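A.B. asks: predicted structure and sequence below. I'll ask about it afterward.
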Amino acid sequence: MTAMQNSRLSRRTLLRGAGVGLGLPWLEAMVPSFATAATKSSPNPVRMAVLYMPNGVNTSMWTPEGEGRGFKLSPTLAPLEDLKSEIIVASNLWNKGADTGDGHYVKESSILTCTTISKTLGVDLNMHGISMDQLAAQRVGDRTPLPSIELGIEPEATGVDGNVGYTRVYGCHIAWSSPTTPLAREINPRSVYERLFRASGPQESSAKQDTLLLDRVLGQAKKLRSQLGTSDRVRIDEYLGIVRSLESRMERASNVTKSAWKSRASIDSAAKPTDAPKDHTEHVHLMLDMIALAFQSDTTRIGTFMFGNAVSGQNFRFLEGVTNTHHEVSHHSKDPEKLKQYHLINRWHIEQYAYLLRKLKEMKEGETSVLDSSMVLFASALSDGNSHNPHKLPLVLAGRGGGRIATGQHIAYAEDTAAANLYVSMLDAFGTPVERFADSTGPLPGVLA
Amino acid sequence: MAFIQISSLRLAAAVFIGASSGNAQSLKPAYSFDEAQVFLKTYCRTCHQGKSPAAGFNLARIATTDSLRDHGQNWNSVLNRVRNGEMPPKGTPAPLSEQREVFAAWVHEALRTEACADGISPGPAPVRRLNRTEYSATVRDLLNVHLDTGRMLPADGAGGEGFDNAAETLFLSPIHAEKYLDAAKMALEYAAKDPRSRAKFMIASPGPGVSPEQAARKILSEFLPRAFRRPVDESDLQVYLALFDSAQKSKQPFDDSILFALKAVLISPQFLFRAETPNPAQQPRLLDDYALASRLSYFLWGSTPDGLLLALAEAGKLQDPEVLKGQVARMLRNTKSFDFVQSFTEQWLGTRALGQSIRPDAKLFPAYSADEELQGDVRYQPVLFFREIVANDLSLLNLLDSNFTITTKKLQKLYGLNIKPATSAPKRIDLPPDSHRGGLLGMSAILAVSSHPQRTSPVLRGKWILDAILGTPPPPPPPNVPTLEEPTGAAPRTVRELLTQHRANPACASCHSRIDPLGFALENYDALGRWRTEESGKPVDSKGELPDGTKFDGPDQLKTVLLEKKGLFIRNLTNKMLGYALGRGLTLKDSCVVDNIVAEVERNNYSAHTLIDSVVMSMPFRYQTGTSAPVPRSPSKVSAQPVPKKVGDL
């Protein structure tokens, strides 16, 4: 049986759905169709990660000098010097959907959906689209034990922002599996480690029993469903949806013949990271280690990481020369001292990005490295944080995506080119091509090799 | 139109403290329907008229007073878009921000009046999962295990009135399924090993005359109704007995087999979700007793109903107002009510973030940063203070100012106090008149969460008071207006000087003239809430003046001013309490209920118990809306079939 024979949805249907995001029935119908449509060209799987930095950048220190291959890194991007041949700096892209509304939430939550979110304290929360990482995860996530991982540093923000009228839920999530479903993030490195370990390791003997349990839960839930009104049923169905997908994941994993997946690097149960990192930098390193480990072992191929929540007030006084918190310094009012500190904070983030890239580069798989098979996007949803500007977004893409990405360049596009075009190119390289994503007008020229 | 959601606009947003001269507590802006029409004609008509009006919206739809009733949803979107500055669009003549506010305040009040004219209604009660703290407490009470199983679950965001029990923001991610399975396993394995815990749920075992099936049936018959918070029937029981049987057939010991079935209970949606049987009628009806027991226990305990609540539900007595009030009093006396007090207080005041996303700078406050006990004392002070008020049914106005507080030895040291009792356990103390430590505003936790880690911010503190205390958060700054920053350059100036300059800009002044003065009055407290009389070698200037001319100097006088605004404060606190109790954002309809509760609380000298009782006795809490039709908008429909009245309907 070929992949397409049991397809219950045409490719056209699928493409129309891309970036719009449909509910679970769509996913269920789609997953089997594409489950084996892997790219055959590279022996190593392609991975994709997005590292998100809140609060924008000091724009005067961000943009590289010169274009094409002969570009010179900017002061903020300087920590990437040894990785220059592994990156593309894409300038002048914007997020049109975010060019509205007050403050941060509307811009930052939509960095990967490229949509305009609904303004709400909670009821009617809606992104009006799904994030590009989840679009990929929904198409090929079942090839690995975990479809994707969502990591962060700051706990879920509490309360709602009565000032601008948004629930802070928006500011805590960039990965949206449906227009109304933000994916919960993990912020404890040890807990991520244990999850990766269990997902990739041999199935515990209880797994078969657990599958039975989940199956019964699904059966029993029918009765509850029948007693509820339509809108309440949706919530129960969401639960049944995640139970069903856990069940099928466990079934696949326990059925060796059915499972094409093999761990590419074993995870050592003794090498657990601490669950109480001593400071911010260590915390970030440990979380980035988890992405590297997940990619190396092939436990998942998709990950998103948030350095902080939107409007993050992370205290960066641990950096030499910084006396302020992150959000505070991003509202620099053109004060030269504040701008300098803003740059220092931005550069620190780039250093962490470089840390992950080097780590992936050191992970060899055959002739190449995990980095060679990856796409790691560094993104902020604002350019100048002082004016909450979604034009000229700070975006760097690293890794060759299994040879599909033409790294080693700075490409300056026409002003206000859709960032969604970059995602179209990335999704193509990832093996989950779409014709359109949100406001995209096509792939981004020059990105694909 | 079903329920108009009060999105960014708070109920009392009509009135900003000191926004204009006159009585700031009046809820009647001097504005009329005709003036609103003039506003619309001036700024909106160019696009929203004719055969193809912009966005398909023609102003004619809202041109008559009936439209407030018939097209409330249109009015509501006009209100939001104008207030948020989204309309009129860029490049067209726009009203001043004051004009926007007056217009928005009038629309809001008009819609509210219209909504209340229908009488009150219960509002939505969507199905919701237990949040992580409710999950922990529920597992704890079901199995009698003292284990924070919810810690394994992802943290929940907040919605509605700002609480993480709001149905609308209790999302599910794939990771929840894994974690629920893990948590159930962990809790049951732990419980099975603890004799105290086993006694709670392993109430039978096979032996002479008792077959394994009989023992399993006995255990499950007792456990299932507690786990599902309502009676179960034979078919429910069979599902779990079948799981027990299948484990037995694969030669599992009795214990493992029953734990296997119980694990299924703990991951079933009936356990993880609170769902109420829908009301098939069009008219609201009293909730069934079991649903009420759950609402009550998750409100006041953050946990599952206990045996007595379930017994009262079974006897059909819980809806009896006297019984219900008795239960509220009993539940508040129970130590489990601490979960409610903590969840409510920390989220209402924003102090949950202390020690997480908000941390006083370690270099500037080394003693605090190195002392976990002190950090705990600081964080728990507002919680314990509120508990003191609730437990002893004190006046809620103590939250604004009080002649007592709760301290520990370490807190007293931080505050420069030396009052008996000074113990390491928190104790109530009487405050001397000049202590500056009465009420919430005298507490480190509050003063720290409204500061930057390294310095105080009159703007953040002023905003905190407007938002958390008065329920009148200022609107967001207009786009592209730089925020004020502290002096960092070569010519250091005080924050006050910079703010004064900032307010010279009219775009900033309209809000900052009512934000900043409130914060200035708290400048005697540093970023950790310690008292200071000097800052950078200069005497602290804690004077503030509101736009209406109200002047004050220092926290004590500020509290006097806030006490004069107690109407706003009580309304805000009532909104928060009702939103927390219902676990959802409030609607315009609910604001009519809030009016009644506020009046009741005022009549009873601001008694804390009156607030909680009134919330419990209110229609949204005790009733269920009809399912088959939206809430009737026309008054005639309501009066045709009046809702059954019981004592204490609010």
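C.D. replies: Happy to help now that I have it.
A.B. asks: surely B:Leu578 meets B:Val594?
C.D. replies: Yes. Taking contacts as CB atoms under 8 Å, B:Leu578 lies within contact range of B:Val594: 6.2 Å. For glycine as for every other residue, the C-beta is placed from the backbone atoms N, C-alpha and C.
A.B. asks: quick one: common contacting residues for the two?
C.D. replies: B:Leu586 (CB atoms under 8 Å, 6 or more residues apart in numbering or on different chains).
A.B. asks: quick one: the helices in the stretch 351-500 of chain B, in order.
C.D. replies: In the stretch 351-500 of chain B, the helices defined using DSSP state H, counting those that start in this stretch lie at B:366-370, B:372-391, B:409-415, B:444-449, B:458-464, B:495-503.
A.B. asks: the last one: what's the following helix or strand?
C.D. replies: For helix B:495-503, the succeeding helix or strand toward the C-terminus, using DSSP states H and E, is helix B:506-520.
A.B. asks: give the buried residues for the longest strand seen in chain A.
C.D. replies: When every strand of chain A is counted residue by residue (DSSP state E), the longest turns out to be strand A:409-418. By neighbour count, with 16 or more other CB atoms under 10 Å in any protein chain shown as the criterion, the buried positions of strand A:409-418 are A:409-413, A:417-418.
A.B. asks: how about stretch B:608-622?
C.D. replies: So stretch B:608-622, judged by 16+ other CB under 10 Å, has buried residues B:608-622.
A.B. asks: which residues of chain B fall in strands?
C.D. replies: B:128-129, B:273-274, B:285-286, B:404-407, B:427-430, B:534-535, B:538-539, B:543-545, B:551-553, B:623-624.
A.B. asks: next, format these as JSON lines and append distance to chain A, mean neighbour count and mean pLDDT.
C.D. replies: Written out in JSON lines, the entries for those read as follows (distance: least, CB to the nearest CB, whole Å; neighbours: other CB atoms under 10 Å in any protein chain shown; pLDDT from 0 to 100):
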{"stretch": "strand B:128-129", "distance to chain A": "7", "mean neighbour count": "23", "mean pLDDT": "95"}
{"stretch": "strand B:273-274", "distance to chain A": "7", "mean neighbour count": "22", "mean pLDDT": "96"}
{"stretch": "strand B:285-286", "distance to chain A": "14", "mean neighbour count": "16", "mean pLDDT": "94"}
{"stretch": "strand B:404-407", "distance to chain A": "22", "mean neighbour count": "23", "mean pLDDT": "98"}
{"stretch": "strand B:427-430", "distance to chain A": "27", "mean neighbour count": "15", "mean pLDDT": "98"}
{"stretch": "strand B:534-535", "distance to chain A": "16", "mean neighbour count": "12", "mean pLDDT": "91"}
{"stretch": "strand B:538-539", "distance to chain A": "20", "mean neighbour count": "8", "mean pLDDT": "92"}
{"stretch": "strand B:543-545", "distance to chain A": "20", "mean neighbour count": "18", "mean pLDDT": "94"}
{"stretch": "strand B:551-553", "distance to chain A": "24", "mean neighbour count": "16", "mean pLDDT": "96"}
{"stretch": "strand B:623-624", "distance to chain A": "11", "mean neighbour count": "24", "mean pLDDT": "94"}
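A.B. asks: can you lay out those as TSV showing distance to B:Ala60?
C.D. replies: Formatted as TSV, those follow (distance: least, CB to CB, whole Å):
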stretch	distance to B:Ala60
strand B:128-129	40
strand B:273-274	44
strand B:285-286	39
strand B:404-407	58
strand B:427-430	62
strand B:534-535	59
strand B:538-539	61
strand B:543-545	46
strand B:551-553	48
strand B:623-624	37
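A.B. asks: shaky segments in the chain?
C.D. replies: As the question left the chain open, I've gone with chain A. Applying pLDDT under 70 to chain A picks out residues A:1-42, A:102, A:204-205, A:256-259.
A.B. asks: switch to chain B, please.
C.D. replies: Checking chain B against pLDDT under 70 turns up B:1-30, B:84, B:478-493, B:627-650.
A.B. asks: residue with max distance from the center of it?
C.D. replies: Ranking residues of chain B by C-alpha distance from their mean position (CA atoms, centre = their mean) puts B:Pro208 at the top, at 54.0 Å.
A.B. asks: any idea how far that one is from B:Gln214?
C.D. replies: 12 Å (CB to CB, to the nearest Å).
A.B. asks: ok, A:His332 next?
C.D. replies: Distance of A:His332 to B:Gln214, computed by CB to CB: 74 Å.
A.B. asks: B:Ile120 too?
C.D. replies: For B:Ile120, the distance to B:Gln214 under the criterion CB to CB works out to 51 Å.
A.B. asks: of the two, who's got more company?
C.D. replies: B:Ile120 (24 against 13; other CB atoms under 10 Å in any protein chain shown).
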